[in-house]
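1. Here is the input, now give the coordinates:
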Amino acid sequence: MNQKEINSLYGNIFQLLAENRFREAYSQIAYLIQQNTDPSLFEQLNTQESIYRNILHYGMQGVQDPQQENILNHMRLALFSIADKAYRAWNAAYSSRWYDAQWRYRKMNNKPAVNLVQLARVMQDSREELSILAASKNDFVTAPRRLQLHQQMAAAEADYFHAILFSEAWKKSDREAYQACFLEMNLSGQAMAVSALLLSLQECFDEYKLHFLMDLCLNEQPQVAMRALTAMLIVLLQHDARMAYYPALKAQWSLILDVPQMSSRLTVIYSQLLRAKFNDLITKKMQDELLPEMNKLSESLQDKFEGQDKFSIDKEDLNELFSDGAMNDAMQEFSELQTQGEDVYMSTFSQMKHYPFFKDIQHWFVPFYQEHPVLTEIFGKDASEGLGLLKVVTGSMFLCDSDKYSFCLNMTQVPEQYRASMIGNMGADSEQFKEMMEMEQNGNKQLKMESISNLYIQDLYRFYRLFPSHRDFADPFLAALDFFSVEAVKAVFMEEDNLKKLAAMYLKKQQYASASRLYEYLLAQVPDNYDYLRSLAYAYEKQRYYNQAADTYAKADMLRADQVWVLKRWAYCCKQVDNYAKALQLYQRMAALQSDQSSHLMNQAHCLMQMKDYDAALNAYYKVDFLFGESPKTWRPLAWCLLMKKQYEQSSTYYDKILAAQATMEDYLCYGHLKVAQAQYRAAVDAYEQAYRLSAMNLQDFYRRFDQDWKDLGIFGLDKSQLALLSDALRYRLEERV
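-> Prediction:
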C-alpha cells in the first residue's frame, strides 16, 4: 500500500467506528494490521471482537444490559487505539515523510529514551549556578561558564521538545512525568513544548497529550497559555469528531470554556488564523505596491544625504522627501497594516530561513531571548557587542520570534566594519524601544495576549510554509478553518459579538461566500440590523448574486433611508441585472442628497441610454457638458445616442473629436457603424479594420463581436444583401492583411 491508500484505510476505519459498524471495522483494522505483521495487535483485536460477539449473543436473546452503551464506547476507544498503533507502525516502517524518517533514524541509531528526571535536574542545577554567577562582579571571567550553562539548558529544552514530538501514545503516568519536567523548564522550553504537542497530535490522536495541552491553556504564563489555545484550535480542526468519544476530554474543555474572557480570546485567535490564511494577499501587496515605494524613499534618502553626518540632516529636507504622495501613502499604509497585526514581514524574512539554525525543527518555535547560545555566537561570548541591537529586537512588538532570529543571523552576512556601525546606531536609538517596552508593560493585558497569539501564528505560518520539509506536515492554513463545523467550539463562535467580528474579518479578506454565510446567521438572530444587511448585500454583490444583493440593499434602505453608499451599490446591482429604471430612480435620489451632481447626472444619462430613451439621455448628457465642461466621457454616449436617432452628421462631429483624441477599438467599431448608416462602405471597412488592429482578439472572436453589433444595425433599415457584401469585403481585407 502507498501513503494515500493507508491514509484512506485509516480514515475509513474511524468512520465505521463512528457509525457503530463494528463488524466492518474489525475487518478493516485486521487488514491494516496485516500490512505491519504485528501479532500483538491481532491478539488485542481478537479480544475486542470476542467482547462484541458476546454483546451480540446476549442481545439476540433479548437480554437488556444497562451498561451496554458504556461497554460499546469503551470497546470503540480500544479499537481506535489498535488502529492508531497499526497506522503508526506502517508509517514508521514505510513512510518517506520527515516525521517518520526521523522516527526511523532514532530507532536505527538506538537513540536512548530521554530521562525526564535527569532533564529536570539539568535545568535546576543550571539555573542555580547561573544565579550564583550573576552575583559575581567579574562578567569577563564568568562569561564562558555562563555560555556553557545556557548551552546545557538549550540542549535540555531541545531534548524535551523531541521527547514530546516523537513519543508514542501516552499513559496517565506519562502525562504526569512530562508535566513534572515541564515545571522545571524555562519559559522558552515551556513555550516550545506547546509546539511539540501540536505537531505530535497532528501526527496521531493522543488522549493524554490532549489533556496536557488543555492544562497549558490555563497556564499562568501568557506566552504558554495563548500558544496552547492556538494549538488547541488547530488540533480541534483535525480531532474534533474523535474527541467527542472521550468524556474526560470533553469535561476538561468545557471547564476551560467557562473561564472568563476565554470566548473572546478564542475569537481573537480565530480571526488571527484567518488573517494568516489569507496572508498571500498582504505579501503580494507588499511586493507589488508598498516595498517598491519604500525602496524609492530609501534610495532618495541615500542620494540626498550621502556623506552627511546623520545629526546634521535638516528636518525640512526630510519633510520635503516625505511630501511625495505615493511614498507617504505607502509608509502610512504599511504602518496601518502593521498596527492591525497583518504579517507585513513575511516577504522579507522568507529569504532568511536558510541558515543551519533553522534545520533543527525546534528552532522554528523557540521564543527569542538574549541568552540563546546562537546569539552569543553571533555577537561575541558576552554578547555585549550586540547588546543594543538585542534590546531593540527583543523589544520589537511587530516581529515574530522566528524573524527576530533571522534578523540577527543575517547580521553575520554584514561586513565587520559596517556591522559595528549598525549595532552602534541601533544601540543609540534604544531609548525609543525602552519607551515602547514601558508602553507594552503598562498597556492593556488583553492586547498583550492578542499580540502573543498573533506573533505565534506568524511563527507557525513560517514553519508550515518555509521549513525544508514543510510539505510533510498538515498545514492548517491550507484547511478551510471552518470552526463553525467544530462541535467543541461552535457555540463560542456563534455568539453574536464573536460572529460579528469573524464575519467582518471574512469580508475584509475578500472571502465573500464565508462572510455571507455568517451574516445570514447574524440576521437570523437579529433580523432588522442595518449594518448586517448592508454587509450581507455587499458580500452577495461581490459574488455576483446581483438580485439577492439588490433585495438586501433595499431592506437596508428601509431601515435607514438615503444612505448614499447603499444607494450607489444598490444602483450598481440593478444595472447588472438590466433594471435600469430602478437604477435611474436611485441615481435621482442620490442627486437630491449631494451637491456634487456630475457623477449622478452621468449615471442617470447612462441609464436612460440603456433604456433607449435617447431624447432624455441626450438632454442629460448635454446638461453634463454644459455644467462641467466637454469631455470624451460624454462625447462617446452623445455620439451613440445621435447615431441611434439617425442624426448622422451630428454623430459624426462627435466621432471626429473622439478619433482625434485617444480612440479605442470600441470607438472605431462604432464609427464604422456610423459609416455603414451613411452608406460610406469603404470608410466603414477602414474603420472596422482599425478596430481589429486595436483589439487583442483573434479573427474569430472579432467576427463574433462584429456580428453581434450588426444585429443592432437593423434599426437603420439597411439592405441585408448590401450588408452581407460589406461583411465579406471586411473579411477578405482582414484575412489578407493578417
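
2. how close does the closest residue to Q650 other than its chain neighbours sit to Q662?
-> Taking C-beta to C-beta, 6 or more residues apart in numbering as the measure, Q650 lies nearest to L642, with 4.8 Å between them; neighbours along the chain are not counted. Any C-beta I mention is one placed from the backbone N, CA and C, and that applies to glycine too. Using C-beta to C-beta, to the nearest Å, one gets 21 Å for the distance from L642 to Q662.

3. Which one of these two is surrounded by more residues?
-> In this comparison of L642 against Q662, neighbours counted by other C-beta atoms under 10 Å, the higher total goes to L642 at 22 against 8.

4. how about that one, what does it touch?
-> 618, 648, 650-651, 654 (C-beta atoms under 8 Å, 6 or more residues apart in numbering).

5. Can you redo those residues as TSV, where the extra columns are distance to Q118 and secondary structure?
-> Putting the contacts of L642 into TSV (distance: C-beta to C-beta, whole Å; DSSP: H, G, I helix; E, B strand; the rest coil) gives the following:
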residue	distance to Q118	secondary structure
L618	92	helix
Y648	98	helix
Q650	97	helix
S651	93	helix
Y654	90	helix
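
6. Adding distance to T634, neighbour count and pLDDT as columns, could you present the residues you listed in TSV?
-> As requested, the contacts of L642 are arranged in TSV below (distance: C-beta to C-beta, whole Å; neighbours: other C-beta atoms under 10 Å; pLDDT from 0 to 100):
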residue	distance to T634	neighbour count	pLDDT
L618	10	21	95
Y648	19	18	93
Q650	14	14	95
S651	13	24	94
Y654	9	23	93
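
7. May I ask which two of the residues you listed are separated the most?
-> Farthest pair in those (C-beta to C-beta) is L618 and Y648. Separation: 14.5 Å.

8. Secondary structure element for the nearest residue to S631 once chain neighbours are set aside, which one?
-> Nearest residue to S631 in three dimensions, chain neighbours excluded: D625, at 7.5 Å (C-beta to C-beta, 6+ apart). Remark: D625 resides in helix 614-628, with elements defined by DSSP states H and E.

9. Using CSV, lay out the contacts of L642 together with distance to H57.
-> Shown next, in CSV, are these (distance: C-beta to C-beta, whole Å):
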residue, distance to H57
L618, 92
Y648, 97
Q650, 98
S651, 94
Y654, 94
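
10. In this protein, where is pLDDT below threshold?
-> Applying pLDDT under 70 to the predicted model, the residue ranges of the chain that meet it are 37, 290-331, 334, 381-388, 415-444, 712-719, 738.

11. could you say which helix or strand contains the nearest residue to W565 once chain neighbours are set aside?
-> Here the nearest residue to W565 in space, its sequence neighbours aside, is R534; by C-beta to C-beta, 6+ apart that works out to 7.8 Å. If you go by DSSP H and E, R534 is part of helix 530-542.

12. Just list the residues touching the residue nearest to W565, thanks.
-> Applying C-beta under 8 Å, 6+ apart to R534 gives the contacts 553, 556, 563, 565-566.

13. which residues of the stretch 151-300 of the chain fall in helices?
-> Taking DSSP state H, counting those that start in this stretch as the criterion, the stretch 151-300 of the chain contains helices spanning 172-184, 187-203, 207-216, 222-243, 247-257, 262-277, 279-285, 291-305.

14. Same question for the shortest one: list its buried residues.
-> By that I understand helix 279-285. Applying a neighbour-count criterion of 16 or more other C-beta atoms under 10 Å, the buried positions in helix 279-285 are 279, 282-283, 285.

15. one step back: got a ChimeraX select line for the buried ones in the contacts of R534?
-> One line in ChimeraX is enough to select the buried members of the contacts of R534, burial here meaning 16+ other C-beta under 10 Å:
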select :553,556,563,566
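
16. now the contacts of R534 as CSV including secondary structure and distance to K582?
-> Supplementary listing: those in CSV, determined by DSSP: H, G, I helix; E, B strand; the rest coil; distance: C-beta to C-beta, whole Å:
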residue, secondary structure, distance to K582
Y553, helix, 11
A556, helix, 15
Q563, coil, 17
W565, helix, 17
V566, helix, 14
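
17. Same list (the contacts of R534) but as CSV, adding distance to K4.
-> Supplementary listing: the contacts of R534 in CSV, determined by distance: C-beta to C-beta, whole Å:
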residue, distance to K4
Y553, 47
A556, 48
Q563, 53
W565, 50
V566, 50
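
18. which of the contacts of R534 lies closest to L455?
-> Lowest distance from L455 to the contacts of R534 (C-beta to C-beta) belongs to W565, with 35.3 Å.

19. do you know how far that closest one is from A696?
-> Using C-beta to C-beta, we find W565 at a distance of 35 Å from A696.

20. One more: D401?
-> Applying C-beta to C-beta, the value for D401 to A696 is 49 Å.

21. again, but for L130
-> 70 Å.

22. For the two, indicate the residue with more neighbours.
-> L130 (16 against 7).

23. Quick check: phi and psi at that one.
-> Dihedral angles of L130 (phi, psi; degrees, to the nearest 10) stand at phi -60, psi -40.

24. Pretty sure it sits against Q148.
-> No. With contacts counted by C-beta atoms under 8 Å, L130 stays clear of Q148, the gap being 10.4 Å.

25. State the helix or strand in which the residue nearest to Q650 lies.
-> With DSSP H and E as the test, L642 turns up in helix 632-644.

26. Buried residues in that helix, which are they?
-> Residues of helix 632-644 classed as buried: 634-644 (neighbour count, 16+ other C-beta under 10 Å).

27. do the same with stretch 48-65
-> For stretch 48-65, burial by neighbour count (16+ other C-beta under 10 Å) applies to 48-49, 52, 55.

28. Where do the strands of the protein begin and end?
-> Along the chain, counting by DSSP state E, no stretch forms strands.

29. and N698, backbone torsions?
-> Given degrees, to the nearest 10, the pair of backbone angles that N698 has is phi -80, psi 170.

30. Just give the number of residues close to F379.
-> The criterion is other C-beta under 10 Å. On that basis, F379 has 21 neighbouring residues.

31. How much space separates it from V393?
-> Taking C-beta to C-beta as the measure, F379 falls 11 Å from V393.

32. K171 too?
-> In this structure, K171 and V393 are 42 Å apart, going by C-beta to C-beta.

33. The helices of the stretch 151-300 of the chain into CSV, with extra columns for distance to L460?
-> Compiled in CSV, the helices of the stretch 151-300 of the chain are given as follows (distance: least, C-beta to C-beta, whole Å):
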stretch, distance to L460
helix 172-184, 20
helix 187-203, 8
helix 207-216, 15
helix 222-243, 7
helix 247-257, 21
helix 262-277, 8
helix 279-285, 11
helix 291-305, 24
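
34. Ok, which of the ones you listed comes nearest W90?
-> Evaluated with C-beta to C-beta, the helices of the stretch 151-300 of the chain place helix 187-203 nearest to W90, the distance being 12.8 Å.

35. quick check: domain ranges of the protein?
-> For the chain, whose domains are defined here by automatic domain parsing, the residue ranges read 3-95, 141-277, 550-736.

36. Deepest in the core, which of the ones you listed is it.
-> domain 141-277 (a mean of 19; mean count of other C-beta atoms under 10 Å).

37. Can you get me the start-to-end distance on it?
-> 49 Å (C-alpha to C-alpha, to the nearest Å).

38. now that domain, how far from the centre of its chain.
-> Centroid displacement of domain 141-277 relative to its chain, using C-alpha atoms, centre = their mean, to the nearest Å, is 23 Å.

39. Then stretch 633-651?
-> Between the mean C-alpha point of stretch 633-651 and the mean C-alpha point of its chain there is a distance of 49 Å (C-alpha atoms, centre = their mean).

40. go on, stretch 354-370?
-> For stretch 354-370, the gap between its own C-alpha mean and the chain's C-alpha mean amounts to 23 Å (C-alpha atoms, centre = their mean).

41. Compute the inter-axis angle for the helix holding D625 and helix 632-644.
-> Inter-element angle recorded for helix 614-628 and helix 632-644: 160 degrees (by axes from the mean of the first three to the mean of the last three C-alpha atoms, to 10 degrees).

42. Which residues does helix 614-628 contact?
-> 597-598, 601-602, 604-606, 608-609, 631, 634, 637-638, 641-642, 644-645.

43. Then stretch 14-22?
-> 24-25, 28, 52, 72, 75-76, 79-80, 83, 241-242.
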